[in-house]
Structures are given as structure tokens and as C-alpha cells.
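S.K.: Everything below, folded, please.
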Amino acid sequence: QVQLQESGPDLVSPSQTLSVTCTVSGDSITTAPYYWNWVRQSPGKGLEWMAAISHSGSTYYDTSFKGRISISGEASKNRFTLKLTSVTPEDTALYYCARARGDYAPWRFEYWGQGTWVTVSS
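M.R.: So this is what the prediction gives:
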């Protein structure tokens, strides 16, 4: 059984960097054909896909984040991390990590973490 567990700070100050990590069990982040994603949901809004890293280390980003975003993987620890710089209160959200199959178009999301809430506030 694949399990994903998000971790990160509950509170981030405006203009700082938000960093959330997803630790995976039951699968390796280097296993094809899977893609490892970050998706968030802000209060009163729908799900927003942010970024993904593939089993081979290729990265994908939603362009709306305009260079503020990066995703990286640590195969030795079987986890991947999202960093979002210059955060504002609009980045307050429930951050989810998820596994998707990259051999489907669109990608098929199969497993999700429970989410971690991050508040951006001074």
C-alpha cells in the first residue's frame, strides 16, 4: 500500500520561503511510470496543481507561480520537497502530495496524502 505523508511548518511569515516535504512509503519515487505531485487548496477554492517530479527526476511547474517554485527529490530518503518563495497570505492553503501515473494523458492521480495546512501570516 502506497502512503504519502506531508510535513512542514504550520505558519510562514510573508516574503519568506514555504517548504513542505512528502515522505513516501510502499513505493520508490524512482519507480516508473510515476510522477510525484504537489497540489494545494486555498480556502474557498478548488484544487490547484503546482508542480511534479518524475521518477527520472524531470520537473514540471504551473507557470502561474512565475519562478517562485521548485520541487526536488531525495531518492535515498524516498521523499520530495516543494519550495515556494516570496509567499503572501494568498499562499495559505492545504498542501497535498500525490502520486500520478505519467503513462496516462492526463496523468491519473492514484494516491494522496492527507494534506498539511500552511498559513502565511505575520
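S.K.: what about the residue positioned nearest the centre of the chain, distance to I53?
M.R.: By CA atoms, centre = their mean, the mean C-alpha position of the chain lies nearest to W38, the distance being 2.2 Å. Distance of W38 to I53, computed by CB to CB, to the nearest Å: 9 Å. Glycine gets a C-beta too; all of them are placed from N, C-alpha and C.
S.K.: Overlap of the contact sets of these two?
M.R.: Common contacts of W38 and I53, defined by CB atoms under 8 Å, 6 or more residues apart in numbering, comprise I71.
S.K.: pLDDT (mean, whole number) over the helix or strand hosting the residue nearest to the centre of the chain?
M.R.: Element membership of W38, judged by DSSP states H and E, is strand 34-41. What strand 34-41 shows for mean pLDDT is 98.
S.K.: helices and strands around it, which ones?
M.R.: Here strand 34-41 touches strand 18-25, strand 47-54, strand 93-101, going by 3 or more CB pairs under 8 Å, 6 or more residues apart in numbering; DSSP states H and E.
S.K.: thinking again about what came up before, can you spell out which residues form a bridge with the residue nearest to the centre of the chain?
M.R.: Counting by DSSP bridges, W38 is bridged to A51, C97.
S.K.: does it really touch R99, like I thought?
M.R.: No. In this structure, W38 is not within contact of R99 by CB atoms under 8 Å, at 11.5 Å.
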